[in-house]
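Q: below are the sequence and a predicted model for it; my questions follow.
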Amino acid sequence: MSSPVTEALKERRAIRRYLPQPVPEELVREILAEARWAPSATNTQSTYVYVLSGEPFERFKADLRMYAESEVPEAPDLVNTREMRPQLKARQDELFRTRAEFIAAEEAKMGIKPQTPPVSPMVAGADVFGAPLLLILAMPREIGIPYGCFDAGLFAQSIALAAHARGLGTCINGSNVRYAELLRKVLPNTEDKYFIIAIAMGYPDWNAPINRFPRTRIPVDEFTTFVR
(Lines give C-alpha, C1' and ligand atoms only; values in the text may rest on other atoms or scores of the structure.)
Protein backbone atom coordinates (compact mmCIF):
# COMPACT_ATOMS: atom_id res chain seq x y z
CA MET A 1 0.00 0.00 0.00
CA SER A 2 1.46 3.32 -1.09
CA SER A 3 0.94 6.66 0.62
CA PRO A 4 2.71 10.04 0.74
CA VAL A 5 4.51 8.88 3.90
CA THR A 6 5.60 5.64 2.23
CA GLU A 7 6.92 7.49 -0.80
CA ALA A 8 8.79 10.02 1.34
CA LEU A 9 10.44 7.26 3.36
CA LYS A 10 11.61 5.52 0.19
CA GLU A 11 12.60 8.61 -1.80
CA ARG A 12 14.48 10.48 0.92
CA ARG A 13 18.22 9.95 0.64
CA ALA A 14 21.44 11.50 1.89
CA ILE A 15 22.35 14.44 -0.38
CA ARG A 16 26.07 15.08 -0.68
CA ARG A 17 26.13 17.83 -3.30
CA TYR A 18 24.00 20.99 -3.25
CA LEU A 19 23.17 23.84 -5.58
CA PRO A 20 24.53 27.32 -4.66
CA GLN A 21 21.05 28.48 -3.76
CA PRO A 22 20.20 29.91 -0.33
CA VAL A 23 17.44 28.44 1.80
CA PRO A 24 15.11 31.12 3.21
CA GLU A 25 15.11 31.28 7.01
CA GLU A 26 11.32 31.22 7.02
CA LEU A 27 11.40 27.86 5.24
CA VAL A 28 13.80 26.47 7.84
CA ARG A 29 11.50 27.70 10.61
CA GLU A 30 8.58 26.00 8.87
CA ILE A 31 10.49 22.70 8.71
CA LEU A 32 11.48 22.89 12.37
CA ALA A 33 7.94 23.81 13.42
CA GLU A 34 6.75 20.62 11.75
CA ALA A 35 9.62 18.43 12.97
CA ARG A 36 9.14 19.49 16.61
CA TRP A 37 6.18 17.09 16.75
CA ALA A 38 8.65 14.20 16.81
CA PRO A 39 8.30 12.05 19.94
CA SER A 40 10.60 12.60 22.91
CA ALA A 41 11.14 10.70 26.14
CA THR A 42 8.46 11.75 28.66
CA ASN A 43 7.88 14.89 26.54
CA THR A 44 11.18 16.45 27.64
CA GLN A 45 11.69 17.90 24.13
CA SER A 46 15.38 18.03 24.95
CA THR A 47 16.84 18.47 21.45
CA TYR A 48 18.33 21.89 20.66
CA VAL A 49 18.94 22.97 17.06
CA TYR A 50 21.64 25.42 15.94
CA VAL A 51 21.38 26.62 12.33
CA LEU A 52 24.77 27.61 10.92
CA SER A 53 24.95 29.82 7.83
CA GLY A 54 26.74 32.85 6.46
CA GLU A 55 30.05 34.03 7.89
CA PRO A 56 30.05 31.82 11.02
CA PHE A 57 29.49 28.78 8.78
CA GLU A 58 32.38 29.82 6.53
CA ARG A 59 34.66 30.18 9.55
CA PHE A 60 33.64 26.75 10.81
CA LYS A 61 34.35 25.15 7.41
CA ALA A 62 37.76 26.84 7.19
CA ASP A 63 38.70 25.56 10.66
CA LEU A 64 37.32 22.10 9.83
CA ARG A 65 39.46 21.95 6.70
CA MET A 66 42.55 23.09 8.60
CA TYR A 67 42.02 20.37 11.23
CA ALA A 68 41.41 17.74 8.54
CA GLU A 69 44.53 18.71 6.58
CA SER A 70 46.57 18.63 9.80
CA GLU A 71 45.02 15.27 10.75
CA VAL A 72 44.06 16.56 14.19
CA PRO A 73 42.66 13.66 16.27
CA GLU A 74 38.87 13.73 16.52
CA ALA A 75 37.40 15.01 19.78
CA PRO A 76 33.59 14.79 19.67
CA ASP A 77 31.40 15.19 22.74
CA LEU A 78 30.06 11.65 22.36
CA VAL A 79 32.55 8.92 21.46
CA ASN A 80 31.75 5.53 19.96
CA THR A 81 34.45 3.14 21.18
CA ARG A 82 32.93 -0.20 20.14
CA GLU A 83 34.30 -2.12 17.19
CA MET A 84 31.87 -2.85 14.37
CA ARG A 85 30.90 -6.50 13.93
CA PRO A 86 31.88 -8.05 10.55
CA GLN A 87 28.28 -8.25 9.28
CA LEU A 88 27.79 -4.50 9.72
CA LYS A 89 31.25 -3.66 8.36
CA ALA A 90 30.47 -5.70 5.24
CA ARG A 91 27.35 -3.59 4.59
CA GLN A 92 29.38 -0.41 5.02
CA ASP A 93 32.09 -1.65 2.65
CA GLU A 94 29.47 -2.60 0.07
CA LEU A 95 28.04 0.92 0.19
CA PHE A 96 31.46 2.51 -0.31
CA ARG A 97 32.28 0.16 -3.20
CA THR A 98 28.95 0.60 -4.99
CA ARG A 99 29.05 4.36 -4.59
CA ALA A 100 32.64 4.71 -5.79
CA GLU A 101 32.05 2.52 -8.86
CA PHE A 102 28.88 4.38 -9.83
CA ILE A 103 30.45 7.81 -9.41
CA ALA A 104 33.55 6.81 -11.41
CA ALA A 105 31.43 5.48 -14.27
CA GLU A 106 29.09 8.50 -14.33
CA GLU A 107 31.91 11.05 -14.12
CA ALA A 108 33.70 9.28 -16.97
CA LYS A 109 30.55 9.74 -19.10
CA MET A 110 30.55 13.42 -18.13
CA GLY A 111 34.22 13.81 -19.09
CA ILE A 112 35.32 14.45 -15.49
CA LYS A 113 38.77 13.07 -14.77
CA PRO A 114 39.66 11.70 -11.32
CA GLN A 115 41.61 14.11 -9.16
CA THR A 116 45.27 13.15 -8.79
CA PRO A 117 46.28 12.68 -6.07
CA PRO A 118 42.83 12.06 -4.58
CA VAL A 119 41.69 14.39 -1.81
CA SER A 120 41.20 12.89 1.63
CA PRO A 121 37.48 12.31 2.35
CA MET A 122 37.77 14.32 5.56
CA VAL A 123 39.41 17.27 3.75
CA ALA A 124 36.83 17.13 0.97
CA GLY A 125 34.05 16.84 3.56
CA ALA A 126 35.11 20.13 5.18
CA ASP A 127 33.15 21.86 2.42
CA VAL A 128 30.00 20.23 3.90
CA PHE A 129 28.93 19.15 0.39
CA GLY A 130 28.44 22.77 -0.69
CA ALA A 131 25.33 23.06 1.49
CA PRO A 132 24.22 26.59 2.43
CA LEU A 133 23.11 25.46 5.90
CA LEU A 134 24.28 23.12 8.61
CA LEU A 135 21.96 22.21 11.48
CA ILE A 136 23.66 21.01 14.66
CA LEU A 137 21.54 18.95 17.06
CA ALA A 138 22.51 19.05 20.73
CA MET A 139 21.16 18.02 24.11
CA PRO A 140 21.65 19.25 27.69
CA ARG A 141 24.43 17.39 29.48
CA GLU A 142 22.10 16.42 32.33
CA ILE A 143 19.84 14.40 30.02
CA GLY A 144 20.64 10.68 29.93
CA ILE A 145 22.68 9.96 26.81
CA PRO A 146 20.54 7.02 25.55
CA TYR A 147 17.31 9.02 25.80
CA GLY A 148 18.82 12.25 24.53
CA CYS A 149 20.41 10.59 21.51
CA PHE A 150 17.25 8.65 20.70
CA ASP A 151 15.17 11.82 20.86
CA ALA A 152 17.66 13.64 18.62
CA GLY A 153 17.50 10.77 16.13
CA LEU A 154 13.71 11.04 15.94
CA PHE A 155 14.02 14.81 15.50
CA ALA A 156 16.66 14.39 12.77
CA GLN A 157 14.50 12.00 10.75
CA SER A 158 11.53 14.34 11.11
CA ILE A 159 13.64 17.27 9.87
CA ALA A 160 14.84 15.21 6.90
CA LEU A 161 11.30 14.17 5.91
CA ALA A 162 9.87 17.69 6.36
CA ALA A 163 12.70 19.09 4.22
CA HIS A 164 12.18 16.40 1.57
CA ALA A 165 8.50 17.31 1.34
CA ARG A 166 9.55 20.86 0.41
CA GLY A 167 12.05 19.90 -2.26
CA LEU A 168 15.09 20.25 -0.02
CA GLY A 169 17.79 17.67 0.57
CA THR A 170 19.60 16.73 3.78
CA CYS A 171 22.57 14.67 4.88
CA ILE A 172 22.55 13.49 8.48
CA ASN A 173 26.18 12.99 9.47
CA GLY A 174 28.51 12.65 12.41
CA SER A 175 31.65 13.90 10.68
CA ASN A 176 30.68 17.55 11.16
CA VAL A 177 30.50 17.19 14.95
CA ARG A 178 33.80 15.36 15.30
CA TYR A 179 35.54 18.49 16.66
CA ALA A 180 33.32 19.86 19.41
CA GLU A 181 35.71 22.73 20.13
CA LEU A 182 35.30 24.11 16.60
CA LEU A 183 31.53 24.16 16.99
CA ARG A 184 31.79 25.98 20.31
CA LYS A 185 33.83 28.70 18.61
CA VAL A 186 30.82 29.62 16.46
CA LEU A 187 27.86 28.44 18.54
CA PRO A 188 27.34 30.62 21.63
CA ASN A 189 26.53 29.32 25.11
CA THR A 190 26.86 25.63 24.33
CA GLU A 191 29.25 24.56 27.09
CA ASP A 192 26.34 22.92 28.94
CA LYS A 193 25.33 20.76 25.96
CA TYR A 194 26.53 17.72 24.04
CA PHE A 195 26.69 17.97 20.25
CA ILE A 196 25.05 14.85 18.83
CA ILE A 197 24.69 15.03 15.07
CA ALA A 198 24.80 17.44 12.13
CA ILE A 199 22.38 17.85 9.21
CA ALA A 200 23.49 19.52 5.98
CA MET A 201 20.54 21.13 4.19
CA GLY A 202 19.95 22.75 0.82
CA TYR A 203 18.62 22.26 -2.69
CA PRO A 204 19.99 19.02 -4.23
CA ASP A 205 22.23 19.04 -7.28
CA TRP A 206 20.69 16.08 -9.12
CA ASN A 207 23.36 16.21 -11.82
CA ALA A 208 25.95 15.11 -9.26
CA PRO A 209 26.46 11.33 -9.48
CA ILE A 210 26.91 11.08 -5.71
CA ASN A 211 23.23 12.00 -5.35
CA ARG A 212 22.08 9.29 -7.77
CA PHE A 213 23.93 6.07 -6.97
CA PRO A 214 21.70 3.00 -6.42
CA ARG A 215 20.80 2.17 -2.83
CA THR A 216 19.78 -1.09 -1.21
CA ARG A 217 18.20 -2.23 2.05
CA ILE A 218 18.37 -5.62 3.72
CA PRO A 219 15.22 -7.80 3.76
CA VAL A 220 12.82 -7.50 6.70
CA ASP A 221 13.50 -11.08 7.78
CA GLU A 222 17.19 -10.29 8.17
CA PHE A 223 16.63 -7.86 11.02
CA THR A 224 13.22 -8.89 12.44
CA THR A 225 12.26 -11.69 14.81
CA PHE A 226 8.60 -12.48 15.37
CA VAL A 227 8.11 -14.12 18.77
CA ARG A 228 4.73 -15.88 18.72
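A: Yes, it's here.
Q: now Leu9: which helix or strand?
A: Per DSSP states H and E, Leu9 falls inside helix 4-11.
Q: quick one: Ala198 is in a strand?
A: Yes: counting by DSSP: H, G, I helix; E, B strand; the rest coil, Ala198 falls inside a strand.
Q: circling back to that earlier point, now do the buried residues in the helix holding Leu9.
A: Buried residues in helix 4-11, counted by 16 or more other C-beta atoms under 10 Å: none are found. Bear in mind the C-beta positions are built from the backbone N, C-alpha and C, glycine included.
Q: ok, now stretch 40-58?
A: 40, 46-53, 57.
Q: and Glu191, how many neighbours?
A: 7 (other C-beta atoms under 10 Å).
Q: secondary structure element for the nearest residue to it once chain neighbours are set aside?
A: Computed as C-beta to C-beta, 6 or more residues apart in numbering, the closest residue to Glu191 that is not its neighbour in sequence is Arg184, at 6.9 Å. If you go by DSSP H and E, Arg184 is part of helix 180-186.
Q: next one: Glu94 from Ala105, what distance?
A: Applying C-beta to C-beta, to the nearest Å, the value for Glu94 to Ala105 is 17 Å.
Q: for the protein, just list every one of the helices.
A: Per DSSP state H, the chain carries helices over the ranges 4-11, 25-35, 54-69, 86-109, 121-125, 145-164, 180-186, 220-223.
Q: outside of stretch 118-134 itself, list whatever touches it.
A: Stretch 118-134 has contacts (C-beta atoms under 8 Å, 6 or more residues apart in numbering) with 15-23, 28, 51-53, 57, 60-61, 64-65, 68-69, 171, 175-176, 198-202, 205.
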